[in-house]
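Asker: 3D, please:
(one chain, ligands or ions: 1)
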Amino acid sequence: MIILSTIAELRKAVVNAKSSKQSIGLVPTMGYLHEGHLTLAKNAREENDVVVMSIFVNPTQFGPNEDFESYPRDLERDTKLAASVGVDYIFAPSVEEMYPHDGGIYIRAGRQAQTLCGASRPSHFDGVLQVVAKLFNLVQPDRAYFGQKDAQQVAIIQTMVRDYNFPVELRVVPVVREGDGLAKSSRNVYLSSIERMQAPVIQQALQIAKLELMDSGDVDQALAQATKIIEDNTAGKIDYLSILTYPDLKEVDENSDQILLAAAVYIGKTRLIDNLILSLKGERIHA
Ligand code: PAF
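Answerer: Alright, predicted model coming up:
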């Protein structure tokens with residue numbers, strides 16, 4: 001496995017792969033790899049000749065009071081893990097390498113970014129689109145791999161790919177969970193042992209909401225039950241608990257078929273997200 005830190009090196013590797021007609025799979029990450037990232041990489045390994053993983057803590061997707069500085073980083077550890085699942089190239093640029101120019105052109109996420117995480121992190125998805133668009137242009141992947149854990153991110157990137165005609169196939173990989181149901185996340189390392197015990201309640205609450213929704217079709221009732229589970233069983237603060245259509249992220253109505261149940265909860269200072277996607281074809285639901 002080769003570690004590349006400049007765009008020039010990356011482009012050389014990409015040109016080599018393209019000239020020998022090799023397919024390229026891109027796994028964009030911010031590092032501090034866990035089983036979720038490795039599952040994306042394994043999928044990429046199975047489906048492509050060359051696998052490029054980017055490891056870049058992208059400053060433009062963090063708000064001023066968020067955890068950009070403290071976000072966990074360990075390139076040495078990541079390198080070993082990436083090699084163990086057959087990644088060919090790690091692209092780990094500096095911030096200056098990725099963003100040498102100031103005051104340039106920005107991409108704005110649209111309506112889908114105004115809800116869920118976008119409501120409390122106003123420019124987050126603009127930053128995600130900026131770095132993902134750059135990575136797509138740099139790597140020119142045949143396929144790019146994203147985790148369903150970031151369901152809103154996936155929906156917004158799908159829209160960018162559609163609206164801006166990026167010639168890439170998006171591959172979405174299911175959420176990878178700990179044994180107790182907690183979604184794997186680089187931020188789980190922030191949790192104290194008591195917080196870690198409370199964190200799986202988020203997924204349990206979403207499961208209860210799902211059952212209620214399938215049973216009664218009542219969105220408000222499903223949300224109320226999930227809220228109660230979180231409030232009764234954690235010291236967490238709910239940022240949002242929502243049920244929306246997927247991938248449009250609009251209010252549900254009786255014609256909705258794919259539905260996203262999504263939560264963001266502060267467990268202590270750590271903001272955790274999780275979701276479930278539900279196919280409701282033929283079921284009756286009401287808001
Ligand atoms: O999901 C992430 O880790 C990041 O948002 C991404 C897609 C790598 C862009 O920085």
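
Asker: As a check, name the ranges of all strands in the stretch 101-250 of the chain.
Answerer: For the stretch 101-250 of the chain, the strands defined by DSSP state E, counting those that start in this stretch occupy 143-147, 169-173, 237-245.

Asker: could you dump those to TSV with mean pLDDT?
Answerer: Below are these laid out as TSV (pLDDT from 0 to 100):
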stretch	mean pLDDT
strand 143-147	98
strand 169-173	98
strand 237-245	98
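
Asker: need the residues of the stretch 1-150 of the chain near the ligand, please.
Answerer: P28, T29, M30, N58, Q61, V128, V131, V132, D150 (Cβ under 6 Å from any ligand atom). From N, CA and C alone the C-beta is placed, and that goes for glycine too.

Asker: Just put those in CSV and tack on neighbour count.
Answerer: Formatted as CSV, those follow (neighbours: other Cβ atoms under 10 Å):
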residue, neighbour count
P28, 24
T29, 25
M30, 19
N58, 21
Q61, 21
V128, 25
V131, 20
V132, 26
D150, 20
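
Asker: got a list of contacts for stretch 97-117?
Answerer: Contacts with stretch 97-117, where a contact means Cβ atoms under 8 Å, 6 or more residues apart in numbering, come from 5-7, 56, 58-60, 118, 124-126, 128-131, 133-134, 152-153, 155-156, 159-160, 240, 242, 244, 247-249, 262, 264, 273.

Asker: Could you pick out the buried ones from the residues you listed?
Answerer: Listed as buried from the contacts of stretch 97-117 are 56, 58, 60, 118, 124-126, 128-131, 133-134, 152-153, 155-156, 159-160, 242, 244, 247, 249, 262, 264, 273; burial here means 16 or more other Cβ atoms under 10 Å.

Asker: Take those residues and keep only those in helices.
Answerer: Taking DSSP state H, the ones among these that sit in helices are 118, 124-126, 128-131, 133-134, 152-153, 155-156, 159-160.

Asker: So for this protein, the centremost residue is which one?
Answerer: In the chain, the residue lying closest to the centroid (Cα atoms, centre = their mean) is D150, at 3.0 Å.

Asker: Quick check, pLDDT for the residue in the stretch 151-287 of the chain that the ligand sits nearest to.
Answerer: Nearest residue of the stretch 151-287 of the chain to the ligand: Q153, at 5.8 Å (Cβ to the nearest ligand atom). Among the per-residue scores, Q153 holds a pLDDT of 98.

Asker: Close to the ligand: what parts of the stretch 151-287 of the chain are there?
Answerer: Where the stretch 151-287 of the chain comes near the ligand, counting by Cβ under 6 Å from any ligand atom, the residues are Q153.

Asker: pLDDT weak spots in the stretch 151-287 of the chain?
Answerer: The stretch 151-287 of the chain contains residues with pLDDT under 70 at 281-287.

Asker: try 80 this time
Answerer: Along the stretch 151-287 of the chain, the parts satisfying pLDDT under 80 run over 280-287.

Asker: So E47 is in contact with A144, correct?
Answerer: No - in this structure E47 lies outside contact range of A144 using Cβ atoms under 8 Å: 11.1 Å.

Asker: any chance you could map the helices in the stretch 51-200 of the chain?
Answerer: Remark: helices assigned in the stretch 51-200 of the chain by DSSP state H, counting those that start in this stretch are 75-84, 95-98, 116-120, 124-139, 151-163, 193-198.

Asker: Nearest to M1 among the ones you listed would be which one?
Answerer: helix 75-84 (4.4 Å; Cβ to Cβ).

Asker: Now for the nearest residue to Y240 once chain neighbours are set aside: which residues touch it?
Answerer: Nearest non-adjacent residue to Y240, counting by Cβ to Cβ, 6 or more residues apart in numbering: A264, 5.3 Å away. With Cβ under 8 Å, 6+ apart as the criterion, the residues that contact A264 are L116, C117, S120, I238, D239, Y240, R271, L272, I273.
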